[in-house]
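S.K.: My questions are about this predicted structure, shown below with the sequence.
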Amino acid sequence: MIDFVSPQSGKKLTAQNNALTSESGESFPVVNGIPRFVPQDNYASAFGLQWKNFAKTQLDSFNGTHISQERLERCLGFPIEQLKGKNLLEVGSGAGRFTELFVKGGAHVHTVDLSVAVEVNKENIGSADNYKIAQASVYELPFPKESFDVVMCLGVIQHTPSSEKTIEALWQMVKPGGLLVIDHYIWRINYYFNPATYYRLVLKELKPQTSKKIVDALVSFFFPLHWAFRNIAPFEWLLKRVSPLITFMKPHPELSRQEHFEWARLDTYDSLTDYYKHLRTPEQIKAELEKLGAKNIWINKGGNGVEARATK
């Protein structure tokens, strides 16, 4: 496992009195067993609340599916078992839908999140020997640069202040010969005709607890209609012109009605309350990777929109 270092000076950190400290006097608190390199309240607070309320919803081990594993292996380009023994950095821990698979696959897992979702992640994963977690920013990661065989960042980049700066920060952590795996929301003209776009303008400015109550009410109202019309294309099309809900009834028919309801609550809240939301075309993502000197670039339209991987 790779030791923590100061995000500012790069100096090695050692544990001392509920903190990680450097020889030059830098100190970072350890709260509930998790090193904290950022304030606990930040622009990702809504995500922290989200994962505390939906701690297990998307975990394959909880819902009995392989949805997360299939997405992960598609993005990786190989089975998770091939991660065994590799130093892996996951940026965007969330509740651990991918973290648990990395740990199970035998990787040396180093995972960070900007929000207090790290607490949920730690509760879900436990104290595995091949698992290390911290609350940190992608722009100030507490690890030495060029240390990781694999750097993974799924479902995150579009929610950061700058997609390009985030990709560059991730790239800095990949060692020569290593692999970067990312995804991003895709640019599409119909985004501007989606009712969710305009709900979000209001909800993202509210306190997370307030916006969650509103989203829960919207889901309770609209979900029964989505479920009733899920196989009636004309009605479904009309409903999507007024409903802000994110649903997965067609891509994931294996989920029960209650599971679809919970996924709608989770992903609708995610979609309507993110402080930053960027859109990029596959060509823009490829161009950014080429600018960084990436090789063996793979681009795919799928998942969140654009999926990509490249070697350094």
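M.R.: Structure's in. What do you need?
S.K.: from the middle of its chain, how far away would the lowest-mean-pLDDT helix or strand in the chain be?
M.R.: Across the helices and strands of the chain, mean confidence by mean pLDDT, DSSP states H and E is lowest for helix 45-53: a mean of 78. Here helix 45-53 is found 12 Å from its chain centre; the criterion is C-alpha atoms, centre = their mean, to the nearest Å.
S.K.: what's the following helix or strand after it?
M.R.: helix 60-63 (DSSP states H and E).
S.K.: Return that next one as PDB; C-alpha atoms alone will do.
M.R.: Taking Å, rounded to 0.1, in the frame of the first residue of the first chain, the C-alpha atoms of helix 60-63 are listed here in PDB:
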ATOM      1  CA  ASP A  60     -24.000  -5.500  -6.300                       C
ATOM      2  CA  SER A  61     -23.500  -7.300  -3.000                       C
ATOM      3  CA  PHE A  62     -26.800  -5.700  -1.700                       C
ATOM      4  CA  ASN A  63     -29.100  -5.800  -4.700                       C
END
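S.K.: Quick one: list the elements packing against the least confident helix or strand of the chain.
M.R.: helix 117-125, helix 208-228, helix 257-273 (3 or more C-beta pairs under 8 Å, 6 or more residues apart in numbering; DSSP states H and E). C-betas here are computed from N, CA, C, even on glycine.
S.K.: rerun at 6 Å
M.R.: Taking 3 or more C-beta pairs under 6 Å, 6 or more residues apart in numbering; DSSP states H and E as contact, the helices and strands that helix 45-53 lies on are helix 117-125, helix 208-228.
S.K.: could you dump these to CSV with mean pLDDT, distance to Gln172 and mean neighbour count?
M.R.: Below are those laid out as CSV (pLDDT from 0 to 100; distance: least, C-beta to C-beta, whole Å; neighbours: other C-beta atoms under 10 Å):
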stretch, mean pLDDT, distance to Gln172, mean neighbour count
helix 117-125, 95, 22, 22
helix 208-228, 96, 31, 16
